[in-house]
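Okay, here's the prediction I keep looking at, along with the sequence it came from:
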Amino acid sequence: MELLERLKALSDAFGVAGHEDEVRELIRGMASPYVDSIEVDPLGNLICSRGEGPTVMLDAHMDEVGFLVRWIEKDGFIRITPVGGWDERLLLGHRVVIRARNGKKVKGIIGATPPHILSQEERKKAVPLEDLFVDVGAKSREEVEEMGIAIGSPLTIHYPCEPLRGGYVTGKAFDDRVGCLGALEALRITAEEELPYKLVVNFATGEELGLRGAKAAAYRINPRVALAIEGTIGADVPGIPEAKQPTRLGAGPAITVADRSIVVRPKMVEFLEAVAREEGIPFQYKLPTYGGTDAGAIHLERGGILAGVVSVPCRYIHSPVSLLYLPDLEATVKLVVGFLRRAEGLLR
Ligand code: CO
């Protein structure tokens with residue numbers, strides 16, 4: 001499978017935070033040829049291990065932002081509540097997929113009031129999320145329930161991953177399926193290498209709800225060093241000054257110096273810079289201090305864990321469509337592989 005096909009499979013998989021089963025099984029299949037053991041912990045983290053010795057941990061989160069069914073109206077319309085941070089202005093008129101109790105996918109749309117019957121004032125305002133409704137083409141609550149949809153059923157806005165032109169690709173869940181792909185690629189590329197430590201890759205649950213899976217997994221894994229791989233905020237778009245663009249597409253992987261969840265120790269930042277320079281990989285810094293990642297939870301576990309973050313810049317994350325530039329993803333994979341080949345230097 002080409003890189004783009006793997007990205008598509010991962011981005012298209014369903015994995016609203018707390019309901020990561022589908023994406024977890026996909027990743028389990030992709031990782032299993034390259035690791036010695038795989039376990040799923042009580043929070044649903046997929047923990048893949050290889051080798052012996054002190055532990056180096058990679059982390060990427062499987063979950064994506066989405067919604068839960070909050071209420072089903074008598075006339076069959078569905079009210080929803082967000083899982084993770086959504087921009088309420090962006091939601092009207094999109095297609096959704098609801099995962100019913102029986103695992104079946106039910107298609108729906110987020111309904112909008114036709115502009116014809118809105119006042120001038122109403123047209124200018126975003127509709128609050130609590131007033132939104134999903135239409136699955138049902139006449140009654142009973143009909144919705146018969147589809148296996150219940151209070152708490154997860155749903156996500158679904159746009160299939162597809163390439164645009166010139167190496168640009170769009171998809172719904174690059175945050176953080178690009179990180180998952182980066183970790184999988186690093187496992188695949190180093191599969192035949194004898195690394196002088198135990199490598200554990202955690203595919204985490206619940207990041208979008210507050211770094212939940214990674215916190216529990218870091219305690220269990222007890223690594224000496226950890227690296228989180230993310231799809232982060234690319235903001236090189238009109239109207240945003242360069243000083244407020246956390247990352248830019250086409251400038252390579254982003255090394256985090258500080259975000260809202262961690263100030264990365266200079267030792268780690270300098271190590272990642274050195275790897276990039278030695279490998280001839282262009283890189284950028286993620287401007288402080290936007291967003292947070294699993295490294296924020298991991299570095300506080302046990303007696304404190306040395307942790308860093310590298311990210312693939314992605315425009316429009318936490319919206320129904322994100323956009324990345326494939327050479328950034330490829331360079332991020334190279335940086336992670338270079339990190340693994342040298343990580344022993346951080347264990348001394
Ligand atoms: Co993320």
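Done, it's in. Numbers count the residues shown, from 1 in each chain.

Output stretch 208-215 as PDB - backbone C-alpha positions only.
What follows is the C-alpha trace of stretch 208-215 in PDB, where atoms were taken according to Å, rounded to 0.1, in the frame of the first residue of the first chain:
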ATOM      1  CA  GLU A 208      -9.400  15.300  22.300                       C
ATOM      2  CA  LEU A 209     -11.100  15.100  25.700                       C
ATOM      3  CA  GLY A 210      -8.000  16.000  27.700                       C
ATOM      4  CA  LEU A 211      -5.100  13.600  27.000                       C
ATOM      5  CA  ARG A 212      -6.900  10.800  28.800                       C
ATOM      6  CA  GLY A 213      -5.600   7.700  27.200                       C
ATOM      7  CA  ALA A 214      -1.900   8.800  27.100                       C
ATOM      8  CA  LYS A 215      -1.900   9.600  30.800                       C
END
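
what's in contact with that stretch?
Taking CB atoms under 8 Å, 6 or more residues apart in numbering as the criterion, the residues outside stretch 208-215 that touch it are 17-18, 43-45, 59, 61, 63-65, 83-85, 202, 204-207, 228, 261, 292-294, 296-298, 300-301. Just so you know, the C-beta spots here come from the backbone N, C-alpha and C atoms, and that holds for glycine as well.

Recalculate using a threshold of 6 Å.
Contact partners of stretch 208-215, identified using CB atoms under 6 Å, 6 or more residues apart in numbering, comprise 17, 43, 45, 59, 63, 65, 84, 204-206, 294, 296-298.

taking the residues you listed as a set, which two sit the farthest apart in space?
65 and 298 (20.7 Å; CB to CB).

Quick check on these two: which one has the bigger neighbour count.
residue 298 (31 against 23; other CB atoms under 10 Å).

My read is that the more buried one contacts residue 218, right?
Yes - taking CB atoms under 6 Å as the contact criterion, residue 298 and residue 218 are neighbours in contact, 4.2 Å apart.

What separation do you get for the spatially closest residue to residue 317 that is not a sequence neighbour and the ion?
Residue nearest to residue 317 in three dimensions, not counting chain neighbours: residue 175, with 4.2 Å by CB to CB, 6 or more residues apart in numbering. For residue 175, the distance to the ion equals 4 Å [CB to the ion, to the nearest Å].

Over to residue 330?
The spacing between residue 330 and the ion, counted by CB to the ion, is 20 Å.

Look at that residue and report its pLDDT.
The model reports residue 330 with a pLDDT of 98.

What number of residues are in the vicinity of it?
Around residue 330 there are 18 other residues, counting by other CB under 10 Å.

which parts of the helix or strand where it lies are buried?
Assessed by DSSP states H and E, residue 330 sits inside helix 326-342. When burial is assessed from 16 or more other CB atoms under 10 Å, helix 326-342 yields the following buried residues: 326, 328-341.

which residues does the closest residue to residue 61 other than its chain neighbours contact?
Of all residues not flanking residue 61 in the chain, residue 207 sits nearest, at 3.5 Å (CB to CB, 6+ apart). Contacts for residue 207 (CB under 6 Å, 6+ apart) come out as 61, 63, 294.
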